[in-house]
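Q: Return atomic coordinates for the entry below.
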Amino acid sequence: MVLQCPAGAMFRHPEKGLVVGVGPFEECAEWPEGRTAFYVNDFFLSAEKPWKIPAKVCVLSERCSRKGALPVQWEAPSPAAFVQVFEEIARELKSGRLVKTVPAVAEKGEVARGRSPREIVLSAASAPDYLYPYAYWEGDGGICGATPEILFRQRGRRLETMALAGTARPEDIEVFRDDAKEIHEHEIVVRALLSRLSPHGNLVRAPRGIMELGTLVHFLTPLALDADEAMPPGFWLKLLHPTPALGCQPCTPETLGLLKQWRERLRCPVSFGAPFGLSMDGEVMMLVAIRGVEWKGDRLSLTAGGGIVEASSVTHEWREFGLKRAAIKRALGLG
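A: Predicted coordinates for the structure are as follows:
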């Protein structure tokens, strides 16, 4: 069984199916064009050799069946720590130094004795088609999730990306459509993507729509670029990551430094929101690693983030973080 191998990776491609890589992995600093490889890094892109070339590749066309719920003893995150961070962010927003930032709160847990965190990989692999399962594990640690967000999809000079920001419950969808605060938060992401991509070719923005994810809904704006010249995926990765959907606006060394401090104080693992990718058959697809968990031994970190703008309220954001964590637990079968 693939989960029994010491090192492995998973990525569900929308057309090819579930791509599973079996280790050991050859590691590369640059894109290994022409070879099947996974891209695994942290949010701040500190890995020297993020490309992982598996010893063996399997493509599974059939949907995996989920096991029963994985029992986890959860530890509630601290609202006091979040309130303190929120107040600091509010001051930065009021001063004009920030327009938006995305702190993230981690909830810690311990898997029941006799069970393995790797079971989460099977749950993720059985996720609905509107989600993209991903995983990477080595030894007793790993990451796994099922994200709705694509950082970019590239084939040659064609690049597709999306703005995914603004969140509500399905029962509030009619109010959400005209929610000025949520639309403003979403448009910050759209404008940043337009600004970064438009100098590089013909860029087309589709109308803003709504992505329904069962227990949550988000605003979605697809964008497509026909670039003036073919660039390696590393170029687009550095240009786009992090978008204001997971990072900050404006995105500068100073504002990223503040975000790093806030994430650390809220116990957010560095894997949260990082790019996770697959290079296969001449195409590169990069996901945003959200809606997932990181584990080490029997210990789990389950993280959710949310965009904060000047109109945000601490109560609303704390509630939204909780809704997102609950949605992740349901999607990944975590008790």
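Q: residue ranges with poor pLDDT in the stretch 1-150 of the chain?
A: Within the stretch 1-150 of the chain, the stretches with pLDDT under 70 are 1-3, 62-67.
Q: list the helices and strands the helix or strand hosting Arg12 packs on?
A: For Arg12, the element it lies in under DSSP states H and E is strand 7-13. If you count contacts as 3 or more C-beta pairs under 8 Å, 6 or more residues apart in numbering; DSSP states H and E, strand 7-13 packs onto strand 17-28, strand 37-40, strand 51-60, helix 119-125, strand 132-138, strand 275-280, strand 283-288. Yep, even glycine has a C-beta here, placed from its N, CA and C like the rest.
Q: what residues does the last one touch?
A: Okay, so that is strand 283-288. Applying C-beta atoms under 8 Å, 6 or more residues apart in numbering, the contact partners of strand 283-288 are 11, 13, 31, 39, 132, 134, 147, 149-155, 233, 236-237, 243, 245-246, 273-278.
Q: Make a PyMOL selection of the buried ones in the residues you listed.
A: Listed next is the PyMOL selection for buried residues among the contacts of strand 283-288, using 16 or more other C-beta atoms under 10 Å:
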select buried, resi 11+13+31+39+132+134+147+149+150+151+152+153+154+233+236+237+243+245+246+273+274+275+276+277+278
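Q: and Asp179, how many neighbours does it have?
A: Asp179: 15 surrounding residues under other C-beta atoms under 10 Å.
Q: possible to save the helices and strands packed on strand 7-13 as CSV with distance to Pro199?
A: Formatted as CSV, the helices and strands packed on strand 7-13 follow (distance: least, C-beta to C-beta, whole Å):
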stretch, distance to Pro199
strand 17-28, 29
strand 37-40, 25
strand 51-60, 27
helix 119-125, 37
strand 132-138, 28
strand 275-280, 21
strand 283-288, 20
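Q: out of those, deepest packed?
A: Among the helices and strands packed on strand 7-13, strand 37-40 has the highest mean neighbour count (mean count of other C-beta atoms under 10 Å), at a mean of 26.
Q: Given that strand, what are its sheet partners and their directions?
A: strand 51-60 (antiparallel), strand 275-280 (antiparallel) (DSSP bridges).
Q: And these: which comes nearest Lys181?
A: strand 275-280 (27.9 Å; C-beta to C-beta).
Q: Check the spacing between the residue lying closest to Ala304 once chain neighbours are set aside and Ser123 real quick.
A: Distances taken as C-beta to C-beta, 6 or more residues apart in numbering place Lys324 nearest to Ala304, at 3.6 Å, with adjacent residues excluded. Using C-beta to C-beta, to the nearest Å, one gets 17 Å for the distance from Lys324 to Ser123.
Q: Leu278 now?
A: Taken as C-beta to C-beta, the span from Leu278 to Ser123 is 20 Å.
Q: Ok, Ser313 next?
A: 33 Å.
Q: Likewise for Gly257?
A: Taken as C-beta to C-beta, the span from Gly257 to Ser123 is 35 Å.
Q: do the same with Trp236
A: Per C-beta to C-beta, Trp236 is found 31 Å from Ser123.
Q: ok, back up a step: what pairs with the strand holding Arg12, parallel or antiparallel?
A: Short version: by DSSP bridges, strand 7-13 pairs with strand 17-28 (antiparallel), strand 132-138 (antiparallel).
Q: what residues are up against the closest residue to Ala192 other than its chain neighbours?
A: Nearest residue to Ala192, sequence neighbours excluded (C-beta to C-beta, 6+ apart): Pro244, at 4.9 Å. Residues counted as contacts of Pro244 (C-beta under 8 Å, 6+ apart) are 99-100, 102, 165, 188-189, 192, 251, 307.
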